[in-house]
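Engineer: Sequence and predicted structure below; questions after.
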Amino acid sequence: MSIMLTTHFSLDELTASQEAAGGNIYNVPNSTIIANLTHFAEQLDIVRLALGGFLLL
């Protein structure tokens, strides 16, 4: 189960990496990075709302 950073964005969604998956790289952010990603997700939610609730990453 993915950790939701906001209503619409998950930690998995914002840290997905084909290179990490393919190279068996440990891609888990620390608490500082998670805080920054949460702030980023909050800003994406604002953009999503401005676009009528529709945003594709």
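Structural biologist: Sure, I can see it.

Engineer: and the helix or strand hosting Ile46, what other elements does it pack with?
Structural biologist: Ile46 belongs to helix 31-50 when elements are defined using DSSP states H and E. With contacts taken as 3 or more C-beta pairs under 8 Å, 6 or more residues apart in numbering; DSSP states H and E, helix 31-50 sits against helix 11-15. Every C-beta, even on glycine, is put in place using the N, C-alpha and C of the backbone.

Engineer: and the residue of the chain most remote from its centre, backbone torsions?
Structural biologist: Centroid-distance maximum for the chain: Gly23 at 20.5 Å, with C-alpha atoms, centre = their mean. Note on Gly23: its backbone torsions stand at phi -100, psi 10 [degrees, to the nearest 10].

Engineer: Kindly export stretch 39-48 (C-alpha atoms) in PDB.
Structural biologist: Extracted C-alpha coordinates of stretch 39-48, given in PDB (Å, rounded to 0.1, in the frame of the first residue of the first chain):
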ATOM      1  CA  HIS A  39       5.200  20.200  -0.300                       C
ATOM      2  CA  PHE A  40       5.600  19.500  -4.000                       C
ATOM      3  CA  ALA A  41       2.400  17.400  -4.000                       C
ATOM      4  CA  GLU A  42       0.500  20.100  -2.200                       C
ATOM      5  CA  GLN A  43       1.500  22.500  -5.000                       C
ATOM      6  CA  LEU A  44       0.500  19.900  -7.600                       C
ATOM      7  CA  ASP A  45      -2.900  19.700  -6.000                       C
ATOM      8  CA  ILE A  46      -3.300  23.500  -6.400                       C
ATOM      9  CA  VAL A  47      -2.400  23.200 -10.100                       C
ATOM     10  CA  ARG A  48      -4.800  20.200 -10.400                       C
END
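
Engineer: still on that earlier bit, now the helix holding Ile46: average pLDDT?
Structural biologist: Mean per-residue pLDDT for helix 31-50: 94.

Engineer: what about the closest residue to Val28 other than its chain neighbours, how many neighbours?
Structural biologist: Computed as C-beta to C-beta, 6 or more residues apart in numbering, the closest residue to Val28 that is not its neighbour in sequence is Thr15, at 7.7 Å. Counted with other C-beta atoms under 10 Å, the neighbours of Thr15 add up to 15.
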